[in-house]
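1. Dropping the sequence and predicted coords here.
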Amino acid sequence: MLFFTIAVYFIFRIVLQHTVFGRRIYAIGGNPEAARVSGIHVDRTLIIVCSICGFMAGIAGSTMASRTSSGIPNAGQGLEPEAIATVIIGGASFAGGRGHVLGIPGGVLIMVLIKNGLNLNDVSTFWQQILIGTIIALAVFIDVLRRDLGTRH
């Protein structure tokens with residue numbers, strides 16, 4: 001599974017950084033109306049992106065089912081804040097249109113270390129969720145500061 005994850009990482013990195021499709025995704029994330037005016041088929045691109053996301057979610061669900069030897073429909077419920085925190089810590093902008101795939105492994109590593117440390121210290125899931133929410137808030141705040149400092153130059 002590790003090799004599959006690494007392969008998917010490099011495929012998405014190449015697609016987002018070196019193809020027209022990747023530039024269209026960034027343009028739509030930055031300003032969908034401007035992307036539409038510049039000739040990008042926003043609806044078609046979003047359908048493709050959502051289809052890819054659904055396909056990847058299906059692979060993740062199959063992996064989760066094979067690891068747990070059961071098909072629990074809500075097994076991944078509540079993991080959305082962790083995913084958001086991981087991506088924002090990895091360098092993606094909460095406002096969209098910015099970021100890159102390069103920082104995502106770092107964001108994953110930081111979140112895994114935080115979660116593992118909290119579990120080893122027997123911190124309840126309630127407080128873990130509060131901490132993850134705080135991390136998201138801090139990451140968004142830093143993202144807003146970074147964006148504001150970038151536009152002042």
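-> Great, that's in hand. Numbering: from 1, shown residues only.
2. can you pull the contacts of the residue nearest the centre of the chain?
-> Centroid-nearest residue in the chain: Val87, 3.9 Å away (criterion: CA atoms, centre = their mean). For Val87, the contact set (CB atoms under 8 Å, 6 or more residues apart in numbering) comprises Gly99, Ile104, Gly107. In short, each C-beta sits where N, CA and C put it, glycine included.
3. Regarding it, which helix or strand does it belong to?
-> Assigned by DSSP states H and E, Val87 falls within helix 80-89.
4. remind me which residues of this structure are low pLDDT?
-> The chain contains residues with pLDDT under 70 at 95-97, 150-153.
5. In JSON lines: the contacts of Val87, plus distance to Asp148, neighbour count and secondary structure.
-> Shown next, in JSON lines, are the contacts of Val87 (distance: CB to CB, whole Å; neighbours: other CB atoms under 10 Å; DSSP: H, G, I helix; E, B strand; the rest coil):
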{"residue": "Gly99", "distance to Asp148": "17", "neighbour count": "20", "secondary structure": "coil"}
{"residue": "Ile104", "distance to Asp148": "24", "neighbour count": "19", "secondary structure": "helix"}
{"residue": "Gly107", "distance to Asp148": "22", "neighbour count": "19", "secondary structure": "helix"}
